[in-house]
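Asks: Generate coordinates for the sequence data below:
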Amino acid sequence: IPEEVLKATGKEAFKGAYAYDNYEYKKAAPKAHAMMDPKRSKIVENIHEALVKCEIKDGMTISFHHHFREGDYVVNMVMDEIHKMGIKGITICASSLGKANDPIVPYIEDGTIVGIQSSGVRGKIGEAISTGKLRDIAIMRSHGGRVRAVESGEVHIDIAFIGAPTCDEYGNMRANGGKSDCGVLSYAMVDAQYADRVVAITDCLVPFPNIPASISMTQVDFVCVVDEIGNPAKIATGAAKPTTDVRKIMMADYCTQFVINTPYFKDGFSYQTGVGGASIASTISLGKIMEERGIKMGLGLGGITTPMCNLLAKGLIDKIVDTQDFDMGAIESIKTNPNHIEISASEYADPFNKGAYVNKLDFVILASLEVDVNFNCNVVVGSDGMITGAQGGHPDTAAGAKCTIVIAPLLQGRIPAICTNVTTVTTPGETVDVVITDYGIAINPRRQDLIECMKDVKLPFCTIEELRDKAYAIVGEPDPVQFGDRVVGIIESRDGTVLDVVREIKEYEFKD
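Replies: From the prediction side, this is the model:
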């Protein structure tokens, strides 16, 4: 990590996953605007009027949430209007940005947008950052790290734009009940609490009071009604789709066998999976064994998919606490099941609050683009050096869980997923316990207790170095990515230190 990057960002280098335990700090506070006159309306005619009333100006930081994933319309609508108004120097602080937001790339190129802070980016925004088109250094944060940054005042949001599936005239927002349901509004809750101005953008205005509200009217300045805020059908795209891949199903079975042979698999255990195909498949296979043995999960956590909701419906899970819904089944479940509960991203994963749910996890099942021989994971930068993914809750859950399992195929196409050094470290190896591939399973030597309890288990165990060697024997050791000198992004640890940097790609052929 270059010293000039630390100076430019005012940050320190990563010291370890738990170095800031018991850290003392003072929370930030937003400007607030009193609403005393009962005759004054919060309704604005359009996004332009909302921006004018929020006193938009050059250099502001604005925020968005990504609960609509690839079906999001809000980011593009707001940025189109900001561009038309001639505003420059905007920093976007989003919980994540995806391919749905490709249309804002010209605004990076013309200086409308100069900074991006997000859990990650996909599509053409990632290409723009990786090829040096963004003026400022991009900052990639985990979901918990983003909450920490906002609450601590490291990031100050001038205006938060919150896509609300339903909202009343006074700003009570709910994630369900409209034509564009998204399940929960967990990531936007910290924005509503800490932004100077908060704009609810909805396509379904409902009678007052719209309660119980995900986000209260007490935090909302203006309400803007538009034709559509998003397409829920596109929430379950990409990694969130179930798999029929035989290789991924085999890895899921390995994962299930590992889980049930640990001391943590017992009545009342807590569990989270990512949204990779193998991770989702592992939930399905684990559910069958839970049913056979009469074991119930006490807590299901995090981003939620239909297989988890099915276990809840069968009575195999006591409670699901939810920060993001990845498919329509999960959205329907939270509408109807009282044991499926919305929580804030702070409750979920903030490392600087007084105790987040991730700290109470027994198991987390994650995916990774790359894992190296030190168990470091990379989930943001592709093997070609392009920013193409998101940290999400990966580092948060890995740090919190008693048993962190990463599932990755030995080869991603012709590229070794198990390697000597990852392209970019996004989750430190000290928090990763087990790596499961289609060619074998490696346990982190730090976890002698897990190695001991697996002595008599018939699974294909080997060392992480042996997995790396198998990958290299099949496709050869890849040439390192050719980067330039310029740092275009930083991977921020969840505690706010710099874990790694992302450099500009020297040469890249743009894809349509």
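
Asks: Now do the longest helix along the chain, average pLDDT.
Replies: Using DSSP state H, we find that the single longest helix of the chain is helix 277-293. The pLDDT scores in helix 277-293 average 90.

Asks: Use 14 as the first number for this chain going forward.
Replies: All right, first residue 14 from here; so that's helix 290-306.

Asks: strand partners of the helix or strand following that helix, parallel vs antiparallel please.
Replies: For helix 290-306, the following helix or strand on the C-terminal side (DSSP states H and E) is strand 310-317. Here strand 310-317 has these sheet partners by DSSP bridges: strand 282-286 (parallel), strand 330-338 (parallel).

Asks: and the longest one, how far from the chain's centre?
Replies: The chain centre lies 16 Å from the centre of strand 330-338; the measure is CA atoms, centre = their mean, to the nearest Å.

Asks: How about the contacts made by Lys483?
Replies: 423, 431, 452-453 (CB atoms under 8 Å, 6 or more residues apart in numbering). No exception for glycine: its C-beta is placed from N, CA and C like everyone else's.

Asks: In a markdown table, list these along with secondary structure and distance to Ser292.
Replies: Converted to a markdown table, the contacts of Lys483 look like this (DSSP: H, G, I helix; E, B strand; the rest coil; distance: CB to CB, whole Å):
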| residue | secondary structure | distance to Ser292 |
| --- | --- | --- |
| Leu423 | coil | 17 |
| Ile431 | strand | 18 |
| Tyr452 | coil | 18 |
| Gly453 | strand | 18 |
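
Asks: rewinding a little: which strands and helices sit next to the longest helix of the chain?
Replies: Judged by 3 or more CB pairs under 8 Å, 6 or more residues apart in numbering; DSSP states H and E, the packing partners of helix 290-306 are helix 259-273, strand 282-286, helix 319-326, strand 376-380, strand 416-420.

Asks: Go through the ones you listed and name the closest to Ile224.
Replies: helix 319-326 (23.9 Å; CB to CB).

Asks: how far does that closest one sit from the chain's center?
Replies: So, by CA atoms, centre = their mean, the centroid of helix 319-326 is 21 Å from its chain's centroid.

Asks: Hey, what's the angle from that helix to strand 310-317? Just curious.
Replies: 150 degrees (axes from the mean of the first three to the mean of the last three CA atoms, to 10 degrees).

Asks: number of nearby residues for Leu382?
Replies: Leu382 has 21 neighbours, counted by other CB atoms under 10 Å.

Asks: Ok, Ala421 next?
Replies: So Ala421, with other CB under 10 Å, has 24 neighbours.

Asks: quick one: it and Ala151, what's the gap?
Replies: 25 Å (CB to CB, to the nearest Å).

Asks: Check Gln270 too.
Replies: In terms of CB to CB, Gln270 sits 40 Å off from Ala151.

Asks: out of these two, which sits in the busier spot?
Replies: The neighbour comparison of Gln270 against Ala151 (other CB under 10 Å) goes to Ala151, with 24 against 18.

Asks: quick one, what contacts that one?
Replies: Counted by CB under 8 Å, 6+ apart, Ala151 has contacts 128-131, 134, 142, 400, 501-503, 515.

Asks: and the residues you listed as CSV, adding distance to Ile477 and pLDDT?
Replies: Formatted as CSV, these follow (distance: CB to CB, whole Å; pLDDT from 0 to 100):
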residue, distance to Ile477, pLDDT
Gly128, 37, 98
Ile129, 33, 98
Gln130, 32, 98
Ser131, 30, 98
Val134, 29, 94
Ile142, 30, 97
Ile400, 25, 96
Val501, 30, 97
Gly502, 27, 97
Ile503, 26, 97
Val515, 24, 97
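
Asks: Now flag whichever of those is closest to Ala246.
Replies: Val134 (22.1 Å).

Asks: Give the full set of residues in contact with the nearest residue to the closest one once chain neighbours are set aside.
Replies: Using CB to CB, 6 or more residues apart in numbering and skipping the chain neighbours, the partner closest in space to Val134 is Leu110 (4.6 Å). Counting by CB under 8 Å, 6+ apart, Leu110 touches 79, 88, 129, 131, 133-135, 138.

Asks: For the worst-scoring helix or strand of the chain on mean pLDDT, which residues meet the burial criterion?
Replies: When the helices and strands of the chain are scored by mean pLDDT, DSSP states H and E, helix 290-306 comes last with a mean of 90. Across helix 290-306, burial judged by 16 or more other CB atoms under 10 Å covers 290-300, 303.

Asks: contact partners of that helix?
Replies: 252, 254-256, 258, 261-262, 264-266, 268-269, 272-273, 284, 286, 308-310, 318, 320-321, 323-324, 327, 329, 378-380, 420.

Asks: same question, stretch 361-375
Replies: Residues contacting stretch 361-375 (CB under 8 Å, 6+ apart): 33, 36, 38, 155-158, 160-161, 164-165, 199, 277-278, 282-285, 312, 314-315, 334, 336, 356, 359-360, 377, 406, 409-410, 412-416, 507-508.

Asks: try stretch 462-469
Replies: 271, 274-276, 416, 446-447, 456-458, 474.

Asks: what do you get for stretch 495-505?
Replies: Residues contacting stretch 495-505 (CB under 8 Å, 6+ apart): 15, 18, 22, 24, 142-143, 145, 147, 150-155, 158, 162, 393, 398, 400, 404, 437-439, 511-520.

Asks: Which of these fall within helices?
Replies: Short answer: the contacts of stretch 495-505 in helices (DSSP H) are 18, 22, 142-143, 158, 162.

Asks: Among the residues you listed, give me the pair with the biggest separation.
Replies: Across the ones in helices among the contacts of stretch 495-505, no pair lies farther apart than Ser143 and Ala162, at 22.3 Å, counting by CB to CB.

Asks: Just want to know which of these two has more residues nearby.
Replies: Neighbour comparison, Ser143 and Ala162: the larger count goes to Ser143, with 26 against 23 (by other CB under 10 Å).

Asks: Was I right to think that one contacts Gly398?
Replies: Yes: between Ser143 and Gly398 there is a contact at 6.5 Å, judged by CB atoms under 8 Å.

Asks: ok, now which ones touch Asn89?
Replies: Per CB under 8 Å, 6+ apart, neighbours of Asn89: 113-114, 116-117.

Asks: Save those as JSON lines, and put in pLDDT too.
Replies: What follows is these, written out as JSON lines (pLDDT from 0 to 100):
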{"residue": "Ala113", "pLDDT": "96"}
{"residue": "Asn114", "pLDDT": "97"}
{"residue": "Pro116", "pLDDT": "98"}
{"residue": "Ile117", "pLDDT": "98"}
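
Asks: any idea which of those has the most stuff around it?
Replies: Asn114 (26 neighbours).

Asks: if I pick that one, what's in contact with it?
Replies: So Asn114 contacts 85, 88-89, 136, 138 (CB under 8 Å, 6+ apart).

Asks: what about Ala249, neighbour count?
Replies: Ala249: 23 surrounding residues under other CB under 10 Å.

Asks: Next: Pro119.
Replies: 14.

Asks: how close does it get to Gly139?
Replies: Separation of Pro119 from Gly139 (CB to CB) stands at 15 Å.

Asks: same deal with Ile297?
Replies: 31 Å.

Asks: Is Tyr452 in contact with Arg481, as I believe?
Replies: No: the criterion here is CB under 8 Å, and Tyr452 misses it with Arg481 at 10.6 Å.

Asks: Between the two, tell me which one has more neighbours.
Replies: Comparing Tyr452 with Arg481 by other CB under 10 Å, the one with more neighbours is Arg481, at 21 against 18.
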